[in-house]
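**Student:** quick one, fold the following:
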Amino acid sequence: MLTNQNDKGMYSFNIDKFYQNYLKGPKLFKNREALEPSFIPNELPHRNSEIEKIAGITACALKGDVPPNLLCYGMTGTGKTATVRYISQKLAQHCTNNPPWWVYINCTVVSTPYRILAHIYNTIVGKEKIPATGLPKDVILKKLLGLLDQLIKNSICFLVLDEIDILIEKKGGNEILYNLTRLNENLDLCRTSVIGISNKLKFMECLDSRVTSNLEEEEPIVFHPYDANQLAEILKQRAEIAFIEDVIDNGVVKLCAGFAAKEHGDARKALQLLRKAGEIAERNQSKKITENHVEKAQKDIDKDHIVEYIFSMPLQTQLTLTAIYLLSRFTKGHVITSGDIYEVHSELSSKIPGLKQLSRRRISDYINELTLSGIIIANTRSMGHYGRTKIIKLDIERGVVERVLSQNKKIKDYKLLDYKPIILQTDKVKIKNIVFKKLI
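**Tutor:** This next block holds a predicted model:
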């Protein structure tokens, strides 16, 4: 029998007994995958307008014509990716002779020009033919062009770039987008269409003008957040697929929808909350999923979400958070303003070779993102004849921020978490970006 010992040598957990009891306990789930974001139901509630617009743009692929490049905007959990995947399935059903191909690229995972080209190539082939590193990008691009003409031939290949805005943070981001949107100029048979998905409405401002003109061939489609009632309908539909009949108490679906509606109408959050509530109930041997299980699930998700969110942030966003962390760490009485964060961010950026210095406006965008995620609180305050500025405070434990940021290799290697900003150093002063040592 296997058991788990605590520090005092006392047996605290009997894993065999836990599994035995779990198997004997009530069965709540019928199809757990129905609560995953990747699950595509037969119907997508409250996305008729968006489906109609994208269907109209992509319909010409049914006749072998090339749909224009397209951008989909909307906050996290508004159904952008699900809608695109739903339409890909419907197109395949109505195009039996020469159905289009679809290649999905998650830019949070596959984000360098080399890896994107390799991912597209390997996805089409069905196995890893292009290694993770080692070949010049122009060689891979040439191989990809040949593959598209040889294998896909006269059909259409949709390239879906999910979280496309991530590429702008990376070196070569504009270049790869330019290459992907101009593939048709170098193809003889196959034709491609790029669909970009982003939760940042202003990311196009950072693109090269050549890329912008290629991507904005159609009016961008904006996905608005779901309200609480819409989320409740979505959850009710998925719950009927996911759970055995009559295992959910009245009020559970409504409570999950209410929690998610506060998170800017995030359907992913709603689905995650309902699934986790079901898992907690199942582990506790409960015959019903109750509102109490939802509240416990909400507390667990809040902890996991913050850590996962900080881990996934681009380096520049993490440096913005690092600046706030340092300002709050080294002094309790210092009021943190957006101007302070810009100054400290500039100092931190200068310590990492090759890292781009950002504008005040870009730092302001990152502060807004951190505010929306619940990591910081930012209140605008009038400073008299100095104008208005944002006053910032951390809204999570400083220890959590330190623990997560310390796992970023660059932040760790350059010891940024131990750096004391110049504005907090009593023996130094900064004038017009030049640091002077105080003599008195």
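
**Student:** biggest helix in the protein, by residue count?
**Tutor:** Ordering each helix of the chain by length in residues (DSSP state H) puts helix 291-312 first.

**Student:** which outside residues touch that helix?
**Tutor:** Outside of helix 291-312, the residues within contact range by CB atoms under 8 Å, 6 or more residues apart in numbering are 108, 249, 251-252, 255-256, 259, 269, 272-274, 276-281, 284, 286, 318, 321, 373-375, 396, 400-401, 404-405, 407. Bear in mind the C-beta positions are built from the backbone N, C-alpha and C, glycine included.

**Student:** any chance you could map the strands in the stretch 1-150 of the chain?
**Tutor:** 3-5, 11-14, 70-74, 101-106 (DSSP state E, counting those that start in this stretch).

**Student:** out of the ones you listed, which is the most enclosed?
**Tutor:** Greatest average neighbour count among the strands of the stretch 1-150 of the chain goes to strand 70-74 (a mean of 23), per mean count of other CB atoms under 10 Å.

**Student:** so which elements touch that strand?
**Tutor:** Counting contacts by 3 or more CB pairs under 8 Å, 6 or more residues apart in numbering; DSSP states H and E, strand 70-74 packs against helix 48-58, helix 80-94, strand 191-198, strand 221-223.

**Student:** related to what we said a few turns ago, in helices, which of the contacts of helix 291-312 appear?
**Tutor:** 252, 255-256, 259, 269, 272-274, 276-281, 318, 321, 400-401, 404-405.

**Student:** ok, E233 to R47 distance?
**Tutor:** Note on E233: its distance to R47, by CB to CB, to the nearest Å, is 12 Å.

**Student:** the two: which has the busier surroundings?
**Tutor:** R47 (22 against 14; other CB atoms under 10 Å).

**Student:** how about the contacts made by that one?
**Tutor:** Counting by CB under 8 Å, 6+ apart, the residues that R47 touches are 79, 82-83, 223.

**Student:** ok, W102 next?
**Tutor:** So W102 contacts 88, 157-158, 160 (CB under 8 Å, 6+ apart).

**Student:** report the beta-bridge partner residues of it.
**Tutor:** When bridges are called by DSSP bridges, W102 pairs up with F158.

**Student:** the stretch 101-250 of the chain: helices as residue ranges?
**Tutor:** Ranges of helices in the stretch 101-250 of the chain, per DSSP state H, counting those that start in this stretch, are 113-125, 137-147, 173-181, 209-215, 228-242.

**Student:** which of those helices has the lowest average pLDDT?
**Tutor:** Lowest mean pLDDT of these: helix 209-215, a mean of 82.

**Student:** show me what it is packed against.
**Tutor:** Using 3+ CB pairs under 8 Å, 6+ apart: helix 209-215 touches helix 173-181.

**Student:** which one of the helices of the stretch 101-250 of the chain lies nearest to N21?
**Tutor:** With CB to CB, the closest approach to N21 among those belongs to helix 228-242: 22.9 Å.
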